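J.: My questions are about this predicted structure, shown below with the sequence.
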Amino acid sequence: MDLGIAGRKAIVCASSKGLGKACARSLAEAGCEVVVNGRDAKKLEATAAEIAKATGARITPVAGDVSTPDGQKALFAACPQPDILVNNNAGPPLRDFRELTRQQMIDGVIANMVVAIELIQKAIDPMRQRRFGRIVNITSGSVKMPLAGLDLSSGARAGLTAFLAGVARSVAPNGITINNILPGSFDTDRLRSNLKLNAQKAGTSEEDAAKARMATVPARRFGQPDEFGAACAFLCSAHAGYITGQNLLIDGGVFNGAF
């Protein structure tokens, strides 16, 4: 399918690896010029070169932490008027809520709620002027089905979801859509890190921990990042202009509900 966004400019945050990288690649395959971002400059450069070679698209690496003013400034210096913004940021590690300090809670809310709002504030007016914009926020399946130990991540991302629900409706007349993708268990470095931690706690192997986790998924497997990237690219496409304010759960059927 021709997604109708060839030549569009996209910023994909935290895209040196994992789901962010998959989104950047899918947008590049659709013909977009993509700004990729990450804190590890060496890894980011390698990702940019890999995607550029595979797709022939113009890929611009911008190293920096999107949680900081300087990181955000660098992104918009590289792409002052993005047509597409994919918000993504690492979530806090697994931790019992009783162990959370006040500062850790504040940092978690900033990283997983405030930063996305700040970036949207910077992108939205140019999008309104051009009467086209696609904003996708990578949140988490835990927004719909909270997991113990990820309470801070769930709370901050749920706050972002509620905050943007009204914003999405307010900018819809300007040809702008705002949607959220809620990933379940995708085969990424973060998932493997959590599996390793769980295996250590249970005194078992990482392979056994992975099998046990997969057994809880109706699809009986982990999601692949390229599947996620394809879904993101479609929400950013010319064909998705009537989809806004929605939460797309991609979890292999884990959430056991009709809605």
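T.: On my side now, so go ahead. Numbering: from 1, shown residues only.

J.: Show me which positions of the worst-scoring helix or strand of the chain on mean pLDDT end up buried.
T.: Every helix and strand of the chain was ranked by mean pLDDT, DSSP states H and E. The lowest is helix 189-202, at a mean of 88. For helix 189-202, a neighbour-count test (16 or more other C-beta atoms under 10 Å) marks 190-191, 194-195, 198-199 as buried. (Glycine included, C-beta is placed from N, CA and C.)

J.: what's the answer for stretch 165-179, then?
T.: Of the residues in stretch 165-179, 167-168, 171, 176-179 count as buried by neighbour count, 16+ other C-beta under 10 Å.

J.: And the least confident helix or strand of the chain, what does it pack against?
T.: In this structure, helix 189-202 packs against helix 206-214, with contacts taken as 3 or more C-beta pairs under 8 Å, 6 or more residues apart in numbering; DSSP states H and E.

J.: Next secondary structure element downstream of the helix it packs on?
T.: Downstream of helix 206-214, the next assigned helix or strand under DSSP states H and E is helix 225-235.

J.: How about residues contacting that next one?
T.: 3, 18-19, 21-27, 29-30, 86, 134, 136, 138, 177, 179, 181, 183, 186-188, 240, 243, 248, 250 (C-beta atoms under 8 Å, 6 or more residues apart in numbering).

J.: From the chain's centroid, how far away is it?
T.: How far helix 225-235 lies from its chain's middle: 10 Å, per C-alpha atoms, centre = their mean, to the nearest Å.

J.: got the CA coordinates for that helix in CSV?
T.: The C-alpha atoms that make up helix 225-235 are tabulated as CSV, following Å, rounded to 0.1, in the frame of the first residue of the first chain:
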residue,chain,number,x,y,z
PRO,A,225,9.2,-4.8,16.2
ASP,A,226,8.6,-4.5,12.4
GLU,A,227,4.9,-5.4,13.1
PHE,A,228,4.7,-2.5,15.5
GLY,A,229,6.5,-0.2,13.0
ALA,A,230,4.0,-1.0,10.3
ALA,A,231,1.1,-0.1,12.5
CYS,A,232,2.7,3.2,13.4
ALA,A,233,3.3,4.0,9.8
PHE,A,234,-0.3,3.4,8.9
LEU,A,235,-1.5,5.7,11.6
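
J.: quick one: average pLDDT of it?
T.: The average pLDDT for helix 225-235 rounds to 98.

J.: for the protein, longest helix please?
T.: helix 151-171 (DSSP state H).

J.: And for the nearest residue in space to residue 159 that is not next to it in sequence, the neighbour number?
T.: Closest residue to residue 159 apart from its sequence neighbours, by C-beta to C-beta, 6 or more residues apart in numbering: residue 113 at 4.8 Å. Counted with other C-beta atoms under 10 Å, residues neighbouring residue 113 total 23.
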